[in-house]
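K.L.:
Prediction below, plus the sequence it came from.
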Amino acid sequence: MAVSTAKRRLGWLIRDRFPFRPVVRDVQGVTLVLPWSHRLPDYARWGPTYGQNLVELARLVAESSPLTVLDVGANVGDSTVQILNAADGRVLCIEADPAYLEFLHRNVDGDKRVSVVEALLSVDDEQTARTAVRTGGTTRFAEGGDADAMPMVSPSRLRAEHPDFDRLRLVKSDTDGYDVVLVPAVAEAWADAHPILFFEYDPYLTRIAGHDPAAVWARLAELGYRDVAVWDNGATPVGRTTTAEAGRHGAVLDVASNQRNRGRTYWDVAVVHADDLAGQAAIEQLVPGLI
């Protein structure tokens, strides 16, 4: 195990010296142009189910209604390409990191089912300077100088400017700590559509971003969301719970992250509105047990 870990870290060190060298990789049934430093091929090789919970959820949703997806933090377009490989639909990608936008366009341009918004999703439209902080194929945005400022777009303006997604069915959000404020804002902007909300619940990065991770559950409950499906960060089902109980169950993530010799861990969660019977059936099929 120690030899394998050392070999992996050495490989990452070499690739990180030339992080944005384009490479073509076949990953989980699709062909993608990726930065050489991107970790997705490694994660998929070590855990074949990595990221497939979202793809399977999209496939099930498409069986009962037209599939319209908002991909927040689209990165290189890997989720979008895999979703559309599994089910027909339309995807609205939003990405703000210029380095990953180049690869996003390489992977989705030419597919008329995909629209790309080059902006940073914000609770409102206020222009705030942000700097991209990149690590191993993912980006979080921290406060930065004016030269680093990215265009901002609020969920309400995003909906108004993209009427083809007025009946939004599925939201995927991966914004490294900002999901707990952005996802409720998206849910509120599309309150009449009741989209399923799939996002990373990562208390560690959420606190770095200056937010209370547990606050998301009460906010989503206020918007009528009730049922929660939980996977670990390798997409293995953990169980189902409710927005009323998810905060209590989520405390285990802090315990795991604080234990000596244990790495940071997080959940993938899918949150379904109380009136969305098809969405409830989908998560019950994917995650059959209770926490």
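P.N.:
Nice, I can see it.

K.L.:
Please enumerate the helices of the stretch 51-200 of the chain.
P.N.:
52-64, 78-86, 98-108, 155-161, 179-189 (DSSP state H, counting those that start in this stretch).

K.L.:
how about TSV for those helices, with mean pLDDT and distance to residue 33 added?
P.N.:
No exception for glycine: its C-beta is placed from N, CA and C like everyone else's. What follows is those, written out as TSV (pLDDT from 0 to 100; distance: least, C-beta to C-beta, whole Å):
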stretch	mean pLDDT	distance to residue 33
helix 52-64	98	19
helix 78-86	98	10
helix 98-108	96	4
helix 155-161	98	26
helix 179-189	98	26
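
K.L.:
Render the CA-only coordinates of stretch 70-83 in PDB, please.
P.N.:
Extracted in PDB, the C-alpha atoms of stretch 70-83 (Å, rounded to 0.1, in the frame of the first residue of the first chain):
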ATOM      1  CA  LEU A  70     -28.100  22.600 -14.700                       C
ATOM      2  CA  ASP A  71     -24.400  21.700 -14.300                       C
ATOM      3  CA  VAL A  72     -23.000  24.200 -11.800                       C
ATOM      4  CA  GLY A  73     -19.200  24.000 -11.700                       C
ATOM      5  CA  ALA A  74     -19.100  22.100 -15.000                       C
ATOM      6  CA  ASN A  75     -15.300  21.900 -15.000                       C
ATOM      7  CA  VAL A  76     -14.200  20.000 -18.100                       C
ATOM      8  CA  GLY A  77     -17.700  18.800 -18.900                       C
ATOM      9  CA  ASP A  78     -17.200  15.200 -17.700                       C
ATOM     10  CA  SER A  79     -20.600  15.000 -15.900                       C
ATOM     11  CA  THR A  80     -22.400  16.600 -18.800                       C
ATOM     12  CA  VAL A  81     -20.800  14.200 -21.400                       C
ATOM     13  CA  GLN A  82     -21.500  11.100 -19.300                       C
ATOM     14  CA  ILE A  83     -25.100  12.200 -18.600                       C
END
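
K.L.:
Select, out of the helices of the stretch 51-200 of the chain, the one closest to residue 117.
P.N.:
Evaluated over those, closeness to residue 117 peaks at helix 155-161, with 6.9 Å, by C-beta to C-beta.

K.L.:
in that closest one, what's buried?
P.N.:
By neighbour count with 16 or more other C-beta atoms under 10 Å, helix 155-161 contains the buried residues 155, 156, 158, 159.

K.L.:
doesn't residue 165 make contact with the last one?
P.N.:
Yes: the criterion here is C-beta atoms under 8 Å, and residue 159 meets it with residue 165 at 7.0 Å.

K.L.:
Could you dump the helices of the stretch 51-200 of the chain into CSV and include distance to residue 27?
P.N.:
Output for the helices of the stretch 51-200 of the chain, formatted as CSV (distance: least, C-beta to C-beta, whole Å):
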stretch, distance to residue 27
helix 52-64, 11
helix 78-86, 7
helix 98-108, 11
helix 155-161, 28
helix 179-189, 23
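
K.L.:
so which of those helices gets nearest residue 171?
P.N.:
Comparing these against residue 171 with C-beta to C-beta, the closest turns out to be helix 179-189 (5.5 Å).

K.L.:
any idea how far the residue most central in space within the chain is from residue 124?
P.N.:
In the chain, the residue lying closest to the centroid (C-alpha atoms, centre = their mean) is residue 174, at 2.8 Å. Note on residue 174: its distance to residue 124, by C-beta to C-beta, to the nearest Å, is 21 Å.

K.L.:
next one: residue 69
P.N.:
Distance, residue 69 to residue 124, by C-beta to C-beta: 23 Å.

K.L.:
More neighbours: which of those two?
P.N.:
Using other C-beta atoms under 10 Å, the more surrounded residue of residue 69 and residue 124 is residue 69, with 29 against 13.

K.L.:
Give me the three-state assignment for residue 217.
P.N.:
Following DSSP: H, G, I helix; E, B strand; the rest coil, we place residue 217 in the helix state.

K.L.:
That one - how many residues pack around it?
P.N.:
Count around residue 217 with other C-beta under 10 Å applied: 26.

K.L.:
And it, how far from residue 246?
P.N.:
For residue 217, the distance to residue 246 equals 5 Å [C-beta to C-beta].

K.L.:
With that, I have no additional questions.
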